[in-house]
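>>> sequence plus the predicted model coming up.
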Amino acid sequence: MIRARSRSPEDTRQLAASLAELAQPGDLLLLVGDLGAGKTTFTQGFAASLGIDEPVTSPTFTLAREYHGRLLLHHLDVFRLDQIAEVLDLGLPELLDSDGVILIEWGDAIRQALPNDYLEVALTFADGRDASPDERVVALSPVGPRWQARSDTLAAAIRQWAGEPPC
């Protein structure tokens with residue numbers, strides 16, 4: 001696991017932009033975290049780095065959005081799905097075969113329906129006496145050969161945000 005600390009929403013966007021520089025067609029990222037932890041903010045920074053200049057908003061009610069940039073970005077939010085079978089209705093198997101990048105908010109809820117090759121990005125509220133309300137701990141967990149092969153590159157990309165959060 002690779003840990004980083006974001007001190008503001010803009011910091012989260014910049015960290016995500018650094019990771020987007022490494023994005024390749026077929027990449028899958030699961031965005032995990034409590035409500036308000038920064039999943040959509042992360043996606044905004046990721047999208048901006050791909051050259052997407054239209055507003056990126058949470059697809060909570062539409063479930064999926066598509067953005068065109070250096071790579072096609074599929075942004076999904078599965079928070080409202082009641083059953084794993086509904087993942088098929090989103091066309092997820094087809095999206096996984098596309099040349100784009102997929103970011104799934106609340107992705108841990110459908111982990112069992114996904115291939116075992118993704119980057120989990122867990123955003124949590126920073127705690128501790130000195131933590132501000134905007135601080136987040138970002139934990140990257142590469143799963144599968146595609147992402148594990150890039151572990152060192154991922155760590156280097158977010159080095160400026162690296163560091164263990166205080167206990």
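Thanks, I have it.
>>> quickly find the element holding residue 134.
Using DSSP states H and E, residue 134 is not contained in any helix or strand.
>>> that one contacts residue 36, correct?
No - with contacts counted by Cβ atoms under 8 Å, residue 134 stays clear of residue 36, the gap being 10.8 Å. Any C-beta I mention is one placed from the backbone N, CA and C, and that applies to glycine too.
>>> these two - which one has more neighbours?
Using other Cβ atoms under 10 Å as the criterion, residue 134 and residue 36 rank with residue 134 on top: 15 against 11.
>>> need the pLDDT of the closest residue to the more buried one other than its chain neighbours.
If the residues on either side of it in the chain are set aside, residue 134 comes closest to residue 8, at 4.8 Å by Cβ to Cβ, 6 or more residues apart in numbering. Per-residue confidence (pLDDT) for residue 8: 94.
>>> please apply the same query to residue 93.
Reading off the model, residue 93 has pLDDT 65.
>>> what do you get for residue 14?
Turning to residue 14, the model gives it a pLDDT of 97.
>>> please, where are all the strands along this structure?
Listed in chain order, the strands found in the chain under DSSP state E are 2-6, 28-32, 64-68, 72-77, 101-105, 118-125, 136-143.
>>> neighbouring strands for the fifth one, and are they parallel or not?
Within its sheet, and counting by DSSP bridges, strand 101-105 is paired with strand 28-32 (parallel), strand 72-77 (parallel).
>>> for the third one, same thing?
Sheet partners assigned to strand 64-68 using DSSP bridges are listed as strand 72-77 (antiparallel).
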